[in-house]
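1. can you look at this prediction? I've put the sequence above it.
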Amino acid sequence: MDEITEKDIEYLRKLLPGIIGKIKETAYSAGRIILEIYEGDFVVEYKNDNSPLTMADKKANEYIVEVLEKEFPDMAILAEESADNSERLLNDWCWIVDPLDGTKEFVKRNGEFTVNIALSCKGKSVLGVVYVPVWDEMYWGYRGGGAFYRYGCREFYEGCGPHYEDMELTGEKIHVSDRVDNLIMLHSRSHKTSIIDDLVERNSDKIKSIKCAGSSLKGCLIAKGEGDIYYRYGPTMEWDTAAMQCIVEEAGGMLRQMDDSEMTYNRRDSLNSKGFYILNSIENRLKLQ
Ligand SMILES: Nc1ncnc2c1ncn2[C@@H]1O[C@H](COP(=O)(O)O)[C@@H](OP(=O)(O)O)[C@H]1O
Ligand SMILES: [Mg+2]
């Protein structure tokens, strides 16, 4: 895929501020669909890779895809619970959707799951929205526009009514921490590996504590300065990282593949096979060997 050009950047500058509001509203509404199911009894199925799947994943996926298809008919969509369509590879623009990131946390009912919607342009994540339904928190960011956080979205969306449709949900600008020692490391709550234990031991002079969190929350907490580093060796998919990558980058941090190369999106194979890390600052890259 071609590189983003100056012309693309100019186009993005005009496009993104106008569409972020619709995407935040869509992530919020998908979160409400998820919560209705979360609050009742639900059946858990298991996919071929043994990961859980519920009606909440399916219904939220269906809703988000329907909105995106209607609002952005020229853009492709890669969504976790939809059949993949390789025509997306021919499109410079692709939505990358995880309707429910952290299904294990949903099943455990600990609140640590998110709705992730990202937009990729020529393989780069240029817009990301992450909504945490149980906590009613939203994180968002878009290329050149900064990263934001809002607690209390329900009051906005449920309180304002349709005649306020041009008004946008506002939030506070967020930034990564400037810590270079006593680092807080983020870790998956449900996917643990011994490689991470070795990594922590090798870098014990830099790491002060480890905080567990499910789903994209790890990246969002780094964007908000409540954590500093996150290393992930186990498998994840494009839709697990795309939205949080844009938010982290707009908050001043970085996400790279484990071999230090850039993560790209809208690839043929959606598995993030190399692993990745997120840092508040390049200075805090850990010793791997
Ligand atoms: N064996 C596996 N293969 C592919 N992806 C996996 C996986 N194990 C975990 N994941 C990914 O890790 C995500 C959860 O991340 P975390 O452990 O950080 O909370 C899952 O998101 P989903 O819940 O959307 O499936 C899933 O995409
Ligand atoms: Mg999912």
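-> Cool, the structure landed. Ligands and ions are numbered 1, 2, ... in the order given.

2. buried residues in the top helix by length along the chain?
-> Scanning the chain for the helix with the most residues, using DSSP state H, yields helix 6-38. For helix 6-38, burial by neighbour count (16 or more other C-beta atoms under 10 Å) applies to 8, 12, 15-16, 20, 22-34, 37-38. Just so you know, the C-beta spots here come from the backbone N, C-alpha and C atoms, and that holds for glycine as well.

3. could you do stretch 48-57 as well?
-> For stretch 48-57, the neighbour count (16+ other C-beta under 10 Å) marks 53-57 as buried.

4. could you dump the residues you listed to a markdown table with pLDDT, secondary structure and distance to ligand 1?
-> Formatted as a markdown table, those follow (pLDDT from 0 to 100; DSSP: H, G, I helix; E, B strand; the rest coil; distance: C-beta to the nearest ligand atom, whole Å):
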| residue | pLDDT | secondary structure | distance to ligand 1 |
| --- | --- | --- | --- |
| Leu53 | 96 | strand | 8 |
| Thr54 | 96 | coil | 10 |
| Met55 | 97 | helix | 14 |
| Ala56 | 98 | helix | 11 |
| Asp57 | 98 | helix | 7 |
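
5. just put these in a markdown table and tack on distance to Gln257.
-> Output for the buried residues of stretch 48-57, formatted as a markdown table (distance: C-beta to C-beta, whole Å):
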| residue | distance to Gln257 |
| --- | --- |
| Leu53 | 27 |
| Thr54 | 30 |
| Met55 | 34 |
| Ala56 | 30 |
| Asp57 | 26 |
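
6. the helix or strand bottoming out on mean pLDDT in the chain - contacts with which helices or strands?
-> When each helix and strand of the chain is scored by mean pLDDT, DSSP states H and E, helix 154-160 comes last, with a mean of 90. Helix 154-160 is packed against helix 6-38, with contacts defined by 3 or more C-beta pairs under 8 Å, 6 or more residues apart in numbering; DSSP states H and E.
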